[in-house]
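everything below, folded, please.
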Amino acid sequence: MNMDLRYMAHIESIDKLDLGRLMDEYGDEVWRYAYAMTRNRELACDISQEVFIRAYQKFHSFRGQSSIKTWLLSITRNLAINERKSAYLRRILLFERVHPGGEGASAESAYLDKQGERDLWTIIMGLSVKLREALVLDLEHGLPMAEMAKLLDVSEGTVKSRLSRARKAVEKALKEGTA
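Model (predicted):
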């Protein structure tokens, strides 16, 4: 009987999770964060799928100490770090070339805007992992400082420092690129 009650509680937890809604609401953000961490589109897709599988399987362990978004990004981060540690993956990434995706718009101003955005993301993706991660969490995901600190397992001061250094590095690269 005790086993049945635990099973029912587990099922009720899963029933509260609307996986489709979560994927619709957070799927793009999870993918962008995975891509920022790995610099690999296919791997970002794989990680994104795995994030939602794990969220579905582990929803009962979500304690509500952070937002669901932060929880999903934490799962994303852990999976990306695990993938980066893989020796096989490191060998592949040494030879991989990053190809910017997307098509330019036909209007000149739209093209220039898109090119500026690509240039900016090329600079951001060239930052060290720690700086890039902080900047992406801020710019792309809009996480509050406290949630970034919790997600990265560092102090808020460290997050502020990383953001400051990342912004300065991007600003310097932009100035050098336009000079």
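
so the residue most central in space within the chain: helix, strand or coil?
When CA atoms, centre = their mean is applied to the chain, the residue found nearest the centroid is Tyr33 (1.5 Å). Under DSSP: H, G, I helix; E, B strand; the rest coil, Tyr33 falls in the helix class.

for Glu171, see how far away it is.
To Glu171, Tyr33 is 23 Å away according to CB to CB, to the nearest Å. (C-beta placed from N, C-alpha, C; glycine too.)

do the same with Phe62
According to CB to CB, Phe62 stands 38 Å off from Glu171.

more neighbours, these two?
Per other CB atoms under 10 Å, whichever of Phe62 and Glu171 has more neighbours is Phe62, with 15 against 11.

so what pLDDT did the nearest residue in space to the more buried one that is not next to it in sequence get?
What sits nearest to Phe62 in space, not counting adjacent residues and going by CB to CB, 6 or more residues apart in numbering, is Trp71, at 5.8 Å. Per-residue pLDDT puts Trp71 at 92.

number of residues surrounding Trp71?
Neighbourhood size, Trp71 [other CB under 10 Å]: 22.

for it, pull up the helix or strand it's in.
Assessed by DSSP states H and E, Trp71 sits inside helix 68-85.

hang on, the earlier thing: what is the burial count for the closest residue to the residue nearest to the centre of the chain other than its chain neighbours?
Excluding the flanking residues, the one nearest Tyr33 by CB to CB, 6+ apart is Thr76, at 5.0 Å. Thr76 has 28 neighbouring residues, counting by other CB under 10 Å.

what does Arg54 give?
15.

helix, strand or coil for it?
Counting by three-state DSSP, the backbone at Arg54 sits in helix.

wouldn't the residue nearest to Tyr33 be in contact with Tyr35 here?
No: between Thr76 and Tyr35 there is no contact under CB atoms under 8 Å: 10.0 Å.

and stretch 35-45, end to end?
From its first residue to its last, stretch 35-45 covers 8 Å (CA to CA, to the nearest Å).

which parts of the lengthiest helix in the chain are buried?
Counting by DSSP state H, the longest helix found in the chain is helix 156-178. Within helix 156-178, the residues that qualify as buried by neighbour count (16 or more other CB atoms under 10 Å) are 159, 162-163, 165-166, 169-170, 173.
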